[in-house]
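Engineer: prediction below, plus the sequence it came from.
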Amino acid sequence: MSLTRRALIAGAALAPFSRALGGEEPIPVVASFSILGDFVKQVGGSAVSLSTIVGPDGDAHVYEPTPADGKKLQRAKLVFVNGLGFEGWLDRLIKASGTKARVVVASAGVTPRELEGAPDPHAWQDVGNARRYLVNIRDGLAAADPGRAALYDANAAQYLKELEALDAEIRRELGAIPADRRRVVSTHDAFGYFSARYGVEFIAPEGLSTESEPSAKDVARIVDAARKEKVAAVFLENVVDPRLARSISADSGARMGGALYSDALSPAGGPAPDYIAMMLHNVRELVKALGR
């Protein structure tokens, strides 16, 4: 199935299978950010009442919690977090809220990349790691709501198959591009796991967090590398100020690629309203730029 065809059916064909609830109330759960929220929705279906703290196009690196977030946590039975240092503000919020909810770390069991002495939290950019997230979410929901464990297992099993197909398709699409052309510039270092799994080299001036401000020396280094390595394109990210990428593109001569979704989904109706659509969109943009 072609990349374009999968993008068209992602929202409909990949909806979770949800059996009737039999009158049971959905359990209240919270996810820390939009991508994780989509995973929880895929597994929980209509058996969960989901609230997400950092929504579409939101930047979890620099998010500032609100009193409303504390109320979401107070009502929750489960709180799903990424871990690996991604939500630096979340432990304080959980403590301040006084919630009794169990915290489930979705990245548990993932082997983290190390960058500048810290774990890289963007593990979902490797679809193999996303499968680990799904297993942890399934197990967390089943432990909290054992009466519907079979439902969570069925939903997760279906979605895991879709993720396996997605992983194979990404490899196929990017594998068709010569290895020496798979080099791009992005605006912060969110694609290390993607790079390791799929063989695309990302050069990024901002480091792991969008809180980091690149120096003039950093930008000059990226421009020099882009020229030397004949980088095909410079990509924006939906959570980062676009002026940086435009400056690097202008100075290096590399063309501007489209927007990549790294840390957040798009709103409904956008190009990346769920995880699979997000990954397909990113691959399509990379293929478009690198295949020229």
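Structural biologist: Nice, I can see it.
Engineer: where does pLDDT dip in the stretch 51-200 of the chain?
Structural biologist: The model of the stretch 51-200 of the chain has pLDDT under 70 over residues 187-188.
Engineer: element containing Thr111?
Structural biologist: Using DSSP states H and E, Thr111 sits within no helix or strand.
Engineer: quickly note the distance from it to Gly128.
Structural biologist: 10 Å (CB to CB, to the nearest Å). For glycine as for every other residue, the C-beta is placed from the backbone atoms N, C-alpha and C.
Engineer: likewise for Asp59?
Structural biologist: 25 Å.
Engineer: please tell me how far Tyr275 sits from Pro26.
Structural biologist: Distance of Tyr275 to Pro26, given as CB to CB: 21 Å.
Engineer: same question, His122
Structural biologist: 30 Å.
Engineer: tell me how many other residues crowd Ile27.
Structural biologist: 17 (other CB atoms under 10 Å).
Engineer: what sits against it?
Structural biologist: Gly44, Ala47, Val48, Ser49, Lys77, Leu78, Leu141, Ala144, Asp145 (CB atoms under 8 Å, 6 or more residues apart in numbering).
Engineer: now it. Its backbone dihedrals?
Structural biologist: Backbone geometry at Ile27, expressed as degrees, to the nearest 10, gives phi -90, psi 140.
Engineer: quick one: pLDDT of the nearest residue to Ile177 once chain neighbours are set aside?
Structural biologist: Leaving aside its chain neighbours, Ile177 sits nearest to Leu290 (4.9 Å; criterion: CB to CB, 6 or more residues apart in numbering). Here, the pLDDT recorded for Leu290 equals 85.
Engineer: OK, contacts around Leu290?
Structural biologist: Applying CB under 8 Å, 6+ apart, the residues contacting Leu290 are Ile177, Arg181, Arg182, Val184, Val200, Ala232, Ala233.
Engineer: the helices in this structure, which residues?
Structural biologist: With DSSP state H as the definition, the chain shows helices at residue ranges 3-13, 34-44, 67-75, 90-97, 127-144, 149-175, 192-198, 216-228, 243-252, 275-290.
Engineer: return the distance of the shortest one from the chain's centre.
Structural biologist: So the one you mean is helix 192-198. 13 Å (CA atoms, centre = their mean, to the nearest Å).
Engineer: please apply the same query to the longest one.
Structural biologist: Relative to its chain's centre, helix 149-175 lies at 15 Å (CA atoms, centre = their mean).
Engineer: same question for the fourth one.
Structural biologist: On the basis of CA atoms, centre = their mean, the separation between the geometric centre of helix 90-97 and that of its chain is 23 Å.
Engineer: residues in contact with the closest residue to Pro65 other than its chain neighbours?
Structural biologist: Spatial nearest neighbour of Pro65, chain neighbours left out: Leu93 (4.6 Å); criterion: CB to CB, 6+ apart. With CB under 8 Å, 6+ apart as the criterion, the residues that contact Leu93 are Pro65, Asp69, Gly70, Leu73.
Engineer: got a winner among these for most neighbours?
Structural biologist: Leu73 (24 neighbours).
Engineer: is it true that that one touches Val81?
Structural biologist: No: between Leu73 and Val81 there is no contact under CB atoms under 8 Å: 11.1 Å.
Engineer: hmm, back to that, Thr111 and Gly128: which is more packed in?
Structural biologist: Remark: of Thr111 and Gly128, Gly128 carries more neighbours, 13 against 10, as counted by other CB under 10 Å.
Engineer: any idea how far Leu73 is from the more buried one?
Structural biologist: 30 Å.
Engineer: again with Phe202
Structural biologist: 34 Å.
Engineer: contact partners for the residue lying closest to Ala149 once chain neighbours are set aside?
Structural biologist: Nearest residue to Ala149, sequence neighbours excluded (CB to CB, 6+ apart): Ala142, at 3.9 Å. For Ala142, the contact set (CB under 8 Å, 6+ apart) comprises Arg148, Ala149, Tyr152, Asp153.
Engineer: returning to what we had before: closest to Ser107 out of the contacts of Ile27?
Structural biologist: Comparing those against Ser107 with CB to CB places Leu78 closest, at 15.6 Å.
Engineer: Ser186 is in contact with Phe202, isn't it?
Structural biologist: Yes: with contact defined as CB under 8 Å, Ser186 counts as touching Phe202 (4.9 Å).
Engineer: the two - which one has more neighbours?
Structural biologist: Higher neighbour count among Ser186 and Phe202: Ser186, with 27 against 22, using other CB under 10 Å.
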